[in-house]
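Participant: quick check, what structure comes out for this input:
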Amino acid sequence: GKLPEAATKKGIEWISTALQFEGLDVGEQMELLIMNGDCYKMLGDKENARNCYKQAFAVSLQFESMMISGQIQRMIDSLDE
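Facilitator: This is a model prediction of the structure:
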């Protein structure tokens, strides 16, 4: 769904802080980056959304799963629509 703008901005702040935690596994990093990208997308900030999704894509390659990487690539592509 759509979050209020203030909640979305707070989400970006919290997620950015969480990404700095040591000991995050690859899956957690990828999910946090996607969530951050989703928040930026909701705010209409396609550039930062794209950057987050691209970072998530790079992390997803560690899974060696074309399905996961493909889903993230579709998120990146959707920003151009």
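
Participant: any idea of the mean pLDDT for stretch 51-67?
Facilitator: Stretch 51-67 shows a mean pLDDT of 92.

Participant: after whatever helix or strand residue 7 lives in, which helix or strand is next?
Facilitator: Element membership for residue 7 (DSSP states H and E) is helix 5-18. Note on helix 5-18: by DSSP H and E, the next helix or strand toward the C-terminus is helix 26-42.

Participant: can you name every helix or strand that that next one contacts?
Facilitator: The helices and strands touching helix 26-42, judged by 3 or more C-beta pairs under 8 Å, 6 or more residues apart in numbering; DSSP states H and E, are helix 5-18, helix 46-60, helix 66-78. The way it works is simple: take the backbone N, C-alpha and C, and place the C-beta from them, glycine included.

Participant: what about residue 80, which helix or strand?
Facilitator: Assigned by DSSP H and E, residue 80 falls outside every helix and strand.

Participant: what number of residues lie near it?
Facilitator: 7 (other C-beta atoms under 10 Å).

Participant: can you check residue 16 too?
Facilitator: 13.

Participant: I'd say it and residue 33 touch.
Facilitator: No - counting by C-beta atoms under 8 Å, residue 16 stays clear of residue 33, with 10.2 Å between them.

Participant: circling back: looking at the helices and strands packed on helix 26-42, which one is packed in the most?
Facilitator: helix 46-60 (a mean of 19; mean count of other C-beta atoms under 10 Å).

Participant: please name the nearest non-neighbouring residue to the residue minimising distance to the centre of the chain.
Facilitator: Centroid-nearest residue in the chain: residue 34, 2.0 Å away (criterion: C-alpha atoms, centre = their mean). If the residues on either side of it in the chain are set aside, residue 34 comes closest to residue 56, at 4.9 Å by C-beta to C-beta, 6 or more residues apart in numbering.
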